[in-house]
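In: sequence and predicted structure below; questions after.
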Amino acid sequence: MRILIATLLLLMAPQFACANEGGLKLLKADVDLSDQASLQRGARLFVNYCGSCHSAAYMRYNRIGADLGISEELLKADLMFTTDKVGEPMRAAMPADDSKEWFGVTPPDLSVEARARGEDWLFSYLHGFYKDPSKTTGVNNLYFPGAAMPHVLWELQGVKRAVFSTHTSPEGMQTQVFEHFENEIPGTLDEVQYERATRDLVGFMVYMGEPAKLVRYALGVKVLGFLFIFFVAAYLLKREYWKDVN
């Protein structure tokens, strides 16, 4: 029993690490996979801002078009910049060797990043960038300190400065505690618009992590409807069989 409990704790440890990374409470993404327009906007944001460095090798363009109601013409016009065929996977435009040389690491494939990290973590991460001249990219992140990725959405959100306060424990240990952000350079979107844009982007990444979830949701409704009808029929049949006994 102790071995089983220890194993479960080890399996759950990465999830707790993601949730508490940076020591801050995660923001709520509140992704709605039934909002097709939101997923379409998220796909466009992903291609324009993420697809240059990150691939999504387990997702194909034609699957996106079929699931999100995007015609082949729109796929080619708005989403396909690195391939000629709609049946090909979403590959990064930047060669892996170049990205490793520029950023120090090869940007990971994002096909299942939402399943690995969680939608709330991704949403928080996109809201956690702040100016940090000590970093090579010029920015740091509250939820992923030391992240090698630059703030690719800075034009939309703007540039923020993080304000920290120093807290001293009874033992004399000093820690920096985040207080709030201050705007240094405004972005093209206001706070509400940027929140919607990042929710759209995260929603698309959640969809990529499990495209069949949309089908599963629709099938689940049908199954529940069938079970309800079956329950009513079974109940009426039971009453008919037992009416003489009672």
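Out: Arrived safely. Keep in mind that this is a model prediction, so the values were computed, not measured. Numbering: from 1, shown residues only.
In: all contacts plus neighbour counts: C-alpha atoms, from now on.
Out: OK.
In: can you find the helix or strand in the chain with the smallest mean pLDDT?
Out: Lowest on mean pLDDT, DSSP states H and E among the helices and strands of the chain sits helix 2-20, with a mean of 41.
In: let me know the next secondary structure element after it.
Out: Sequence order places helix 36-45 as the next helix or strand after helix 2-20, per DSSP states H and E.
In: what mean pLDDT does that following helix have?
Out: Averaging pLDDT along helix 36-45 gives 95.
In: which residue is the nearest non-sequential neighbour of D32?
Out: G203 (6.9 Å; C-alpha to C-alpha, 6 or more residues apart in numbering).
In: ok so that neighbour is a strand residue?
Out: No: applying DSSP: H, G, I helix; E, B strand; the rest coil, one finds G203 to be helix, outside a strand.
In: burial check on it, number of neighbours?
Out: Neighbour count for G203, taken as other C-alpha atoms under 10 Å: 30.
In: which neighbouring elements make contact with the lengthiest strand in the chain?
Out: The longest strand of the chain (DSSP state E) is strand 174-186. Secondary-structure packing of strand 174-186 (3 or more C-alpha pairs under 8 Å, 6 or more residues apart in numbering; DSSP states H and E): strand 158-168.
In: what's the residue most central in space within the chain in contact with, if anything?
Out: In the chain, the residue lying closest to the centroid (C-alpha atoms, centre = their mean) is V202, at 3.6 Å. Listed by C-alpha atoms under 8 Å, 6 or more residues apart in numbering, the contact set of V202 reads A29, V31, G42, A114, E119, L122, F123.
In: average pLDDT across the helix or strand containing the last one?
Out: Counting by DSSP H and E, the element that carries F123 is helix 119-126. Regarding helix 119-126, the rounded mean pLDDT is 97.
In: elements contacting that helix?
Out: Packing partners of helix 119-126 (3+ C-alpha pairs under 8 Å, 6+ apart): helix 191-209.
In: same question for the helix it packs on: list its buried residues.
Out: For helix 191-209, burial by neighbour count (16 or more other C-alpha atoms under 10 Å) applies to 194-209.
In: does A29 touch G118 like I think?
Out: No: applying C-alpha atoms under 8 Å, one finds A29 not in contact with G118, separated by 9.6 Å.
In: which residues do those two both contact?
Out: With C-alpha under 8 Å, 6+ apart, A29 and G118 have no common neighbours.
In: quick one: the spatially closest residue to P89 that is not a sequence neighbour from T198, how far?
Out: Closest residue to P89 apart from its sequence neighbours, by C-alpha to C-alpha, 6+ apart: R60 at 4.1 Å. To T198, R60 is 22 Å away according to C-alpha to C-alpha, to the nearest Å.
In: contacts for the helix holding F123?
Out: 18-19, 26-31, 114, 141-144, 198-199, 202-203, 206.
In: list the buried ones in stretch 145-158?
Out: Across stretch 145-158, burial judged by 16+ other C-alpha under 10 Å covers A147, A148, M149, P150, H151, L153, W154, L156, Q157, G158.
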